[in-house]
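J.: here is a sequence together with a model predicted from it:
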Amino acid sequence: MERISRYILIAVTIIIAALFIPDFYRKATEKNIRAPFATYSSVNKDFIIFRRTNTDIHWEDTKGNKYTLEEYEKLLPLTYYRQLLADGTMPDSIDGIAIDTKELQKNRVHFRFKPKQLDVPSLGMYPLFESASGRVNLSLPPDMFRIVNSGIEFMDAQTNTLNAEKSETFTKKMKDAGFVFPAKWINGNPSVRKAYDEGYFIKDSNDAIYHLKMAKGVPVIHNTAIESNKGIITVIPYEVATHEFYGFAIGKDNSFYVLSTDNYKLIKLPVENFDAKKSSLQVFGNLLYRNIIVTNRDNMHCYVTNRDYNLVNELHETWKTSEETLAGKAAEYLFPLTITMTSKYSSVINPIYKYSLLSIPFNIIVLIIYIVLLIRRKSDIKLYIPEIIIIVLTGWFGLIAIAMFPKARKMKQSMIKGFINIP
Amino acid sequence: MNYLLYRKEWIKTRWALAALALLSIIIIVNVWITVNHDLRFVNAPRYWNAVVFEGYQFYGRWMRYIPFVAGIVIAIVQFVPEQYQKRLKITLHLPMRENRILLSMLSFGIVMLTAIFFILTALLTILSIIYFPVNIVWAALSTVLPWMLGGYAAYGILSMIITEPVWRYRIPQIILLAGVVYCFSFGYAYKIYNNILLTITIMAIALLMSLIYSGNRFKRGEM
């Protein structure tokens, strides 16, 4: 029993060492590597890349021409129109299209996707806004809904009781539309800070994706029929002023779609190098273009499409990550095991264990030191086989743990003799 | 014999236990009053929205420390007197197997910790079921649970540290205790531990055995 508790303590010590020591090292050595940011200029039809290091900030195009902030803004009148209007340098038309600032404002899109969004722990309660109140601003409803096996339930927040009548009405309407309870996921944009409300996209237990909203207190439910062949893993609702789409959708094969308001048609974006578990994706839209930026750990891809989502231009860049610097490479030789509790790809605790085979030579050196110590102490090495295995595998983390929790020493011969000699 | 051993533990810990139980009750009553107060000033849908979408933890920040404080206090009142003047030596000379004596002492501590955690959980459940739907109650409980597991782990490691006969070993062990407590005390959102609930449960249970290691070292008279 003592041995078991000792090995537990050694294991936990190694885990704690692998959690903290590499992290201290990373914090001490990590370099700030900022991803470049690209936008597409409607004036010179080229990408303008924003580069930033700790000492330098500049903008340049793909031909290497550098720009100041003022020049950069002039190249992007569809984005920086407010500044250009204030300066009096706003062009009257671009590509023959007369510029109307109201239209510019209305056609702006700024959508961000991060892998974290896919596993936000859900509490399973959602507010269903009144989408046709006739008011300019949305307001929080007095209740929140949840979907259980038997149907949809609206819980009144003031009294914390079930609104049975509303729940029954909605459940019946949903069942009539073919919805099979319970739901696999419920996605909406539960914020009052948006122009209007498009409700929720809900996957039922038969994998059909439904669109639910409330208009004048009445449920509005449609089977979007988008799941049929595309393998959609999620829909991310995002209301825009032009009402041209409901939001975006991600396919199993990491394809990215716009979910159009035209009968829930899915429009595949010409985006490659996107991995829903690891890439962040941003969509910047203006009157003429959609600029889609996929950013990974060590590369960035920028795709520009016209308003029909046909590719106009693309830009790809790669850079060295912090792991590829000298300090980053050294870490792989120094630390046999690295554990991180949280990652930027997940919003919950999802430990990542990284075992580095490159650390084994260093582990062997640590082992030699350990064996020399054992020999000097005249210990019987055969009794220390488990310790030797631990050190080969976990290097100096293992050595620290073994030093903290030493093996029980055998009673000294003299002590035993003394025992026996008691008269 | 077991009864007498438990009675000895009870005499050592009863006042600390009463204090911890009282502290738990005060904290929950405070949460209760605060939620009630806030609901009078913020409307209920807004409050629910803050809990569900902004991760507002209605049970407050003190809740997170109680399980660790309980684990630490019980370990101290149970094992510091034993260590004082090496009384543990006498305990270990009772006509019982040494490991069994140590396990009995541990199980007493575990039962007492469980009692404190039961008070906390029961009161928190009763309080939250009044104001929130089960989804929120469940999320709150599964966020609080890892802290309680951390309380057990802290109790296990600290009882080992106190019983450890050699001072220079205690210092790195205290650092280990801090590291373990850190791992169990995240609370930046609801349900964040749900993916690794099983792992941390096993870890907490395994760490409860730590006392056996240092108890045996003590028995052998390591120095």
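T.: Perfect, thanks for sending it. Numbering: from 1, shown residues only, chains lettered A, B, ... in the order given.
J.: rest of the way, CA atoms for contacts and neighbours
T.: Fine.
J.: what helix or strand is the residue nearest the centre of chain B on?
T.: In chain B, the residue lying closest to the centroid (Cα atoms, centre = their mean) is residue B:151, at 2.5 Å. In this structure, residue B:151 is located in helix B:134-163 according to DSSP states H and E.
J.: after that helix, next one along is what?
T.: helix B:167-184.
J.: tell me what that next one is packed against?
T.: Applying 3 or more Cα pairs under 8 Å, 6 or more residues apart in numbering or on different chains; DSSP states H and E, one finds that helix B:167-184 makes contact with helix A:2-29, helix A:385-404, helix B:134-163.
J.: hmm, back to that, the helix holding residue B:151 packs against which elements?
T.: When contacts are defined as 3+ Cα pairs under 8 Å, 6+ apart, helix B:134-163 sits against helix B:62-83, helix B:98-131, helix B:167-184, helix B:197-207, helix B:210-220.
J.: point out the most buried one among the ones you listed.
T.: helix B:210-220 (a mean of 23; mean count of other Cα atoms under 10 Å in any protein chain shown).
J.: residue contacts, the residue in chain B that chain A sits nearest to?
T.: Relative to chain A, the nearest point of chain B is residue B:192 (4.5 Å; Cα to the nearest Cα). The contact partners of residue B:192, by Cα atoms under 8 Å, 6 or more residues apart in numbering or on different chains, come to A:121, A:347-349, B:143.
J.: re the thing from before, the helix holding residue B:151: which residues count as buried?
T.: Residues of helix B:134-163 classed as buried by neighbour count (16 or more other Cα atoms under 10 Å in any protein chain shown): B:134, B:136-163.
J.: can you pull the phi and psi angles for residue A:45?
T.: When read as degrees, to the nearest 10, the backbone of residue A:45 gives phi 50, psi 50.
J.: pull the contacting residues for it.
T.: By Cα under 8 Å, 6+ apart, residue A:45 has no neighbours at all.
J.: residues touching residue 153, list them.
T.: Defaulting to chain A. A:145-147, A:162-164, A:167-168.
J.: actually chain B
T.: B:71, B:180-181, B:203-205, B:207-208.
J.: ok so, going back, what angle do the helix holding residue B:151 and helix B:210-220 make?
T.: Helix B:134-163 and helix B:210-220 meet at an angle of 10 degrees, taking axes from the mean of the first three to the mean of the last three Cα atoms, to 10 degrees as the criterion.
J.: what about residue A:380, neighbour count?
T.: 9 (other Cα atoms under 10 Å in any protein chain shown).
J.: right, I mislabeled it, should have said residue A:400
T.: Neighbours of residue A:400 (other Cα under 10 Å): 16.
J.: and it, what pLDDT?
T.: Residue A:400 carries a pLDDT value of 94.
J.: any of the contacts of residue A:153 buried? List them.
T.: Using 16+ other Cα under 10 Å, the buried ones in these are A:145-147, A:162-163, A:167.
J.: mean confidence for stretch B:64-84?
T.: On average, stretch B:64-84 scores 92.
J.: same thing with stretch A:27-37?
T.: In this model, stretch A:27-37 has an average pLDDT of 86.
J.: buried set for it?
T.: A:30, A:35-37.
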